[in-house]
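Q: Predicted coordinates and the sequence they were generated for:
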Amino acid sequence: MKKDSNATTGYILVLCAGILWGSIGFFVRKLNGLGVDTELTAFMRIFCAWIILIPLLMGMSLKSGRNYFKISKKGLLQCFIMGLVTQAFFNLSYSGCINSVGVAMGSVLLYTAPIFVSILSRLLFKEEINARKGISLVINLLGCFIMVTGGDLSVLKVSGIGILLGIGAGFFYAMVTILGKFTSDEVDPFTMVFYNFLFGWISLALISNPIPKIAAVSDLHFWLLAFGYGLIPTVGSYLFYMNGISHDVELSRVPIIASVEPIIATIIGLLVFGENITLVNALGLVIVLFSIVLMNSGRKEKRGG
């Protein structure tokens, strides 16, 4: 019973992470409105999040007498790999995909991530892929597709390179869950996120040369949005997420639960930006919610292996 309670806590934390991730679109649109391009937006998100974590970890270290900046060589290597793969590679793949096939198609391809998580969880952690999980996954993908496209296939652009980049983005997004599970066994979630972001922003800086771009758009409004982006859907969401998957959760369930993100994004689009939500979009939202409920029904099943 204690084990199940531990898992429930983990799933709730993942759900909270998904809710915070749902605010990404708000900050991206606001920053784009200031003339900030995709590469700089990605860099500022990770860089500002890392800056925010410095005083947070210092305060925690002073209060507890424990050094939250201390990390083993093995943990540092794990965080380097995670930062490179889940931050730099992911952002570059996703940005390239959006530039090639558009936002709608990019979003649809990104939601292939649960497929990769399910396969890798089976191979690496011997998690069972039963009928409920399979059906939940299919329903979730269908709901995300309908919610993003509104049932209008004309919004989708087709490009071989763009599709490959989108699938790559889905894979790298899935690696947040897989690599995070490996690393969470070795490193405190706060420490892990700190070094993950450190290596992430350094990698992006080497690739995108952000300083001239920052100088061109820098003002108070820009920095408030950048730090808000670093705080809410980045520091907050990742800490919830990493804490969540450090519990006794089944990884194949995690991305389905986190798919509450597009639902929150849709609600923000409706309430903040006055976007039109059609009945088809609403149907997609309901389908995604149903997939989350279905995935979490009957959680007393044992893992495979």
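A: Noted; the coordinates are in hand. Since this is a predicted model, take the numbers as computed values, not measurements.
Q: Mind giving me the packing neighbours of the helix or strand of the chain with the lowest mean pLDDT?
A: Least confident helix or strand of the chain, by mean pLDDT, DSSP states H and E, is helix 90-110 with a mean of 79. Applying 3 or more Cβ pairs under 8 Å, 6 or more residues apart in numbering; DSSP states H and E, we find helix 90-110 packed against helix 38-64, helix 131-149, helix 160-184. Heads up, the C-betas are built off the backbone N, CA and C, glycines and all.
Q: Pipe these into TSV and attach mean neighbour count and mean pLDDT per row.
A: Below are the helices and strands packed on helix 90-110 laid out as TSV (neighbours: other Cβ atoms under 10 Å; pLDDT from 0 to 100):
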stretch	mean neighbour count	mean pLDDT
helix 38-64	19	94
helix 131-149	19	88
helix 160-184	21	87
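Q: want to try TSV for the ones you listed, with distance to Thr9 as columns?
A: Listed next are the helices and strands packed on helix 90-110 as TSV, based on distance: least, Cβ to Cβ, whole Å:
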stretch	distance to Thr9
helix 38-64	20
helix 131-149	21
helix 160-184	14
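Q: closest one to Glu261 among the ones you listed?
A: helix 131-149 (9.6 Å; Cβ to Cβ).
Q: Now do that closest one: which elements does it pack against?
A: For helix 131-149, the packing partners by 3+ Cβ pairs under 8 Å, 6+ apart come out as helix 90-110, helix 113-125, helix 254-258, helix 260-271, helix 279-295.
Q: Now the longest one: buried residues?
A: Within helix 90-110, the residues scored as buried using 16 or more other Cβ atoms under 10 Å are 90-98, 100-102, 104-110.
Q: follow-up on the earlier one: so which of the helices and strands packed on helix 131-149 comes closest to Tyr11?
A: Per Cβ to Cβ, nearest to Tyr11 of these: helix 254-258, 5.7 Å.
Q: Tell me which residues are up against the closest one.
A: Contact with helix 254-258 is made by 11, 14-15, 17-18, 21, 113-114, 117, 136-137, 140, 174, 177, 241, 244-245, 291-292, 295-296, as judged by Cβ atoms under 8 Å, 6 or more residues apart in numbering.
Q: Just the buried residues of these.
A: 11, 14-15, 17-18, 21, 113-114, 117, 136-137, 140, 174, 177, 241, 244-245, 291-292, 295-296.
Q: what number of residues lie near Lys74?
A: Look at Lys74: counted by other Cβ atoms under 10 Å, it has 11 neighbours.
Q: Touching, Gly269 and Leu285? I think so.
A: No. Assessed by Cβ atoms under 8 Å, Gly269 is found out of contact with Leu285, at 11.4 Å.
Q: Looks like Cys291 contacts Ser259 (just checking).
A: Cys isn't right for residue 291; it's Ser. Yes. Here Ser291 reaches Ser259: they are 7.3 Å apart, a contact under Cβ under 8 Å.
Q: Contacts only, for the nearest residue to Val249 once chain neighbours are set aside.
A: Excluding the flanking residues, the one nearest Val249 by Cβ to Cβ, 6 or more residues apart in numbering is Gly10, at 4.0 Å. Taking Cβ under 8 Å, 6+ apart, we find Gly10 in contact with 243-249.
Q: and if you look at Arg253?
A: Counting by Cβ under 8 Å, 6+ apart, Arg253 has contacts 11, 133, 295-296, 299.
Q: one more time with 6 Å, if that's ok
A: Met295 (Cβ atoms under 6 Å, 6 or more residues apart in numbering).
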